[in-house]
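Visitor: Model the following, please.
(2 chains)
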Amino acid sequence: TQLLEQSPQFLSIQEGENLTVYCNSSSVFSSLQWYRQEPGEGPVLLVTVVTGGEVKKLKRLTFQFGDARKDSSLHITAAQPGDTGLYLCAGVFSGAGSYQLTFGKGTKLSVIP
Amino acid sequence: DTEVTQTPKHLVMGMTNKKSLKCEQHMGHRAMYWYKQKAKKPPELMFVYSYEKLSINESVPSRFSPECPNSSLLNLHLHALQPEDSALYLCASSQEGYGYTFGSGTRLTVV
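Guide: I've put the predicted structure just below:
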């Protein structure tokens, strides 16, 4: 089993603040994905990072993939109440003739107006 | 069509019932997955189908029985479940290791 450590598990911040969520593993992944999940809904893919050192931006969200492809971070600039939700990192690795997606424990973000 | 459709959205079943969860995608994805998610926990992988063949079973009890009738459909047959099996059951599909798309899930309650 490939393990992903995600931190922090809970984060409560004021509107306008910046934050960073970390995702670390001892394993090398084919790619790493970040999802956002609302209560009672399935996870929605935000971004996939594939190349070591890769940086991707999605409006106020910046995603980085570590050079060794074992870690990633999600940085949100000037958080808004609409950013509230559960953020999940997930690593993709291949094995047994198929691809598996393993999730970190998630970060529950609350942005207070 | 870029969606994964799961039915039903909610299901309440007794411990002696037999029911099925259904999942459908028309994106041409050749891998389909079942995940189980308990409250305040991340999704946990149950089964992986690759090219309509079961490739991974993560030690799931036999009261859960997956079926992949064709490349667009994935079922999960449920029989003699326990209350602790109550959870959100998520279906997902992907093309190789890319394009993961999740359905909205079936909220299952076992009484």
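
Visitor: mind checking how far stretch B:39-57 is from the chain centre?
Guide: Centroid displacement of stretch B:39-57 relative to its chain, using C-alpha atoms, centre = their mean, to the nearest Å, is 7 Å.

Visitor: Just the residues contacting it, thanks.
Guide: Defining contact as C-beta atoms under 8 Å, 6 or more residues apart in numbering or on different chains, one finds that stretch B:39-57 is touched by A:43, A:88, A:96-106, A:108, B:30-37, B:58, B:60, B:64, B:66, B:68, B:70-71, B:74, B:76, B:87, B:90. Bear in mind the C-beta positions are built from the backbone N, C-alpha and C, glycine included.

Visitor: quick one: pLDDT of the residue nearest to the spatial centre of chain B?
Guide: Closest to where the C-alpha atoms of chain B average out (C-alpha atoms, centre = their mean) is B:W34, at 3.4 Å. Per-residue pLDDT puts B:W34 at 97.

Visitor: SS state for it?
Guide: Recorded secondary structure, B:W34: strand (DSSP: H, G, I helix; E, B strand; the rest coil).

Visitor: How many neighbouring residues does A:D71 have?
Guide: 19 (other C-beta atoms under 10 Å in any protein chain shown).

Visitor: now it, nearest residue through space, not along the chain?
Guide: Once flanking residues are discounted, A:D71 sits nearest to A:N24: 4.5 Å by C-beta to C-beta, 6 or more residues apart in numbering or on different chains.

Visitor: neighbours of the one you found, just the number please.
Guide: Using other C-beta under 10 Å, the number of residues around A:N24 comes to 16.

Visitor: Across the sheet, point out what pairs with it.
Guide: Counting by DSSP bridges, A:N24 is bridged to A:E5, A:D71.

Visitor: wouldn't the residue nearest to the centre of chain B be in contact with B:H77 here?
Guide: No. Using C-beta atoms under 8 Å, B:W34 is not in contact with B:H77; the gap is 11.0 Å.

Visitor: Mutual contacts of the two, please.
Guide: Applying C-beta under 8 Å, 6+ apart, one finds that B:W34 and B:H77 are jointly contacted by B:P66.

Visitor: Which elements pack onto the helix or strand harbouring B:T109?
Guide: Using DSSP states H and E, B:T109 maps to strand B:106-110. In terms of contact count using 3 or more C-beta pairs under 8 Å, 6 or more residues apart in numbering or on different chains; DSSP states H and E, strand B:106-110 is assigned the packing partners strand B:10-13, strand B:87-95.

Visitor: Of all those, which one comes closest to chain A?
Guide: Nearest to chain A among the helices and strands packed on strand B:106-110 is strand B:87-95 (5.2 Å), distances taken as C-beta to the nearest C-beta.

Visitor: Report whether the closest one contacts chain A.
Guide: Yes. Against chain A, strand B:87-95 shows contacts by C-beta under 8 Å from any C-beta of the partner chain at B:88, B:90, B:92, B:94.
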